[in-house]
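Peer 1: just coords:
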């Protein structure tokens, strides 16, 4: 070290010799112990300069950590021991045949008002008969949401995160109540409700709390040599009042998920729930509004619409709406897309699917059998991304059936598998199964409606196992949305992949096998939007082809609820500014010089070689003279 110092200028040698002999402990003592006027002054100035920023960040952090408790009473109908009036033929319009189901105030408000009958499909018990909103009342709700948006957009991320934390605390504390309410309206089991309603919602809340702010905060984008003096950023601004039309199969999660994303992005939201789950939707929205009030926020930022399809048409064409999310059937999805096109707003449309479990040769069937059972029979098969089709290689086909047949037969309706949402799909389901059997498929378990010994009015269907199915059968092409495990044998992986890709649907798929590389190869070839676990709310959710377009969930979903704005500004404001170079300023003084200047500019920025760029610089400078 000293030999190196000797080679340096004489004026530096004594100081560097002293410095090189110091130990880390001595350096620490010189800098920090004891304090002296110099380092104390420096520390004071630095802290004084940064203190306001630190205090602001601390207050923001403390506010975001705030959890506000609130009470939202559970309805008596959600009690496990509650028994309601049995509806002989339960349906949304059962009150038309039995006027005793109408509320006492019906007909006393002046003018005729339509109603829907809310009931528990797993028991046939009457829950409530609700008045439906008129088109003008729905329009008023949209105006309320739109009016509340300007104030909501001014809330800070800390306020929004505190609101989410308070909702999360409610979900954790009152989980049992939320589950029971969801089950009463959908007919699912409590175990299924925890999987699909609670875990997924908590995952969504956690992702937004931890990553939401970063996702929609301004992000810097790279520039280039010509714009080295500029800073380019993408900003994500609220759209305004947005609309979500959600399905019935997960009455809590499907309702709250678009609300959480919309509010976090600074939007207000109008939610049109399915008529099938209006009773639970009312209670869930009430809980969300109670949380908003407890947090000192405007409850008008969330509006629930309960109406029939004819009125819903007016909702999707309302010009105050700035984005539409739709979860449901393909025919209705097309109408929503058409309405959105008329008012020129973006959409996220999630439709049906025929999701498969593609089982490659040598797969550990015993290990994955429980996954396939849960995928096919969770919520009685009424899942957007549930397993509707299982492709099994011929070499393991018999073994697969031997494993699955007794497991499917052992399932107990009302205990392991809940009811269907109503009796409406049963006739079509029986017809599809009969057609498959006629074409050579075998029904090894179930295949018909189940009459519950205690609740004969309920809409159960037996857990069903259908094998020897061919890909050209209707049962392999149509979305069943029912507790039916459909099994297709195949011989060649590539051929089976091509057959799957010919499907009009493309929502999700899962690939199972022994070889990771082969699984990945097949997964990459499948034409679908997802191969995910829905518990990971960091991942975008959505499909391709007839399964819809757009994504909700993750960064893609949250940013889709924002207006994306590109802003470029001077890096050294007022010191280095963009001006039009004299050779190309209007009126152009000399076209020949202008051309030479521009050629030099292009080569300086984009020439392939260093020499080419140097020549470009020369041409540019020549053009300036």
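Peer 2: Ah, there it is. What you see is a predicted model; the values in this text were computed from it and never measured.

Peer 1: what's the neighbour count on residue 599?
Peer 2: 15 (other Cβ atoms under 10 Å). Where you see a C-beta, it was placed from the backbone N, CA and C, and this is true even at glycine.

Peer 1: wait, what's in contact with it?
Peer 2: Neighbouring residues of residue 599 by Cβ atoms under 8 Å, 6 or more residues apart in numbering: 616, 619.

Peer 1: so which helix or strand takes in it?
Peer 2: helix 591-606 (DSSP states H and E).

Peer 1: mind listing what's buried in that helix?
Peer 2: Neighbour counts using 16 or more other Cβ atoms under 10 Å place 593, 594, 596, 597, 598, 600, 601, 603, 604 of helix 591-606 among the buried residues.

Peer 1: dump those into JSON lines; add distance to residue 372 and pLDDT as well.
Peer 2: Listed next are the buried residues of helix 591-606 as JSON lines, based on distance: Cβ to Cβ, whole Å; pLDDT from 0 to 100:
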{"residue": "593", "distance to residue 372": "74", "pLDDT": "93"}
{"residue": "594", "distance to residue 372": "70", "pLDDT": "94"}
{"residue": "596", "distance to residue 372": "71", "pLDDT": "94"}
{"residue": "597", "distance to residue 372": "68", "pLDDT": "94"}
{"residue": "598", "distance to residue 372": "64", "pLDDT": "95"}
{"residue": "600", "distance to residue 372": "66", "pLDDT": "95"}
{"residue": "601", "distance to residue 372": "62", "pLDDT": "94"}
{"residue": "603", "distance to residue 372": "62", "pLDDT": "96"}
{"residue": "604", "distance to residue 372": "61", "pLDDT": "94"}
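
Peer 1: list just the nearest of those residues to residue 573.
Peer 2: Residue 573 lies nearest to residue 601 out of the buried residues of helix 591-606, by Cβ to Cβ, at 23.9 Å.

Peer 1: not counting residues beside it along the chain, what's closest to that closest one?
Peer 2: Nearest in space to residue 601, with sequence neighbours left out and distances taken as Cβ to Cβ, 6 or more residues apart in numbering, is residue 620 at 5.4 Å.

Peer 1: what secondary structure does that neighbour sit in?
Peer 2: Going by DSSP: H, G, I helix; E, B strand; the rest coil, the secondary structure assigned to residue 620 is helix.

Peer 1: so it sits against residue 602, correct?
Peer 2: No. With contact defined as Cβ atoms under 8 Å, residue 620 does not reach residue 602; the gap is 9.3 Å.

Peer 1: measure the residue nearest in space to the middle of the chain to residue 519 for me?
Peer 2: With distances taken as Cα atoms, centre = their mean, residue 553 lies nearest the centre of the chain, 2.3 Å away. Using Cβ to Cβ, to the nearest Å, residue 553 is found at 23 Å from residue 519.

Peer 1: cool, and residue 254?
Peer 2: 30 Å.

Peer 1: okay, the two: which has more neighbours?
Peer 2: residue 254 (26 against 18).

Peer 1: in which helix or strand does the more buried one reside?
Peer 2: helix 253-264.

Peer 1: before we move on, what about residue 368?
Peer 2: Going by DSSP H and E, residue 368 is part of helix 365-377.

Peer 1: which other helices and strands contact the very next helix or strand once past that helix?
Peer 2: Sequence-wise, the next helix or strand downstream of helix 365-377 (DSSP H and E) is strand 389-393. If contacts are counted by 3 or more Cβ pairs under 8 Å, 6 or more residues apart in numbering; DSSP states H and E, strand 389-393 sits against strand 356-359, strand 484-490, helix 493-501.

Peer 1: what pLDDT, on average, does the helix or strand just after strand 389-393 get?
Peer 2: Downstream of strand 389-393, the first helix or strand assigned by DSSP H and E is helix 397-409. For helix 397-409, mean pLDDT rounds to 98.

Peer 1: and helix 397-409, what does it pack onto?
Peer 2: By 3+ Cβ pairs under 8 Å, 6+ apart, helix 397-409 packs against helix 365-377, strand 442-445, strand 464-467, strand 484-490.

Peer 1: run through who's touching that helix.
Peer 2: The contact list for helix 397-409 (Cβ under 8 Å, 6+ apart) reads 359, 365-366, 369, 372-373, 377, 390, 392, 444-446, 463-465, 467, 485, 487, 489.

Peer 1: from what I can see residue 420 touches residue 460, true?
Peer 2: Yes. The pair residue 420 / residue 460 is scored as a contact, 7.0 Å apart, by Cβ under 8 Å.

Peer 1: higher neighbour count, the two?
Peer 2: Taking neighbours as other Cβ under 10 Å, residue 420 and residue 460 compare with residue 420 leading, 27 against 24.

Peer 1: what's the closest non-adjacent residue to that one?
Peer 2: Closest to residue 420 by Cβ to Cβ, 6+ apart is residue 459, at 4.6 Å.

Peer 1: what distance do you get for the one you found to residue 115?
Peer 2: Counting by Cβ to Cβ - residue 459 and residue 115 are separated by 21 Å.
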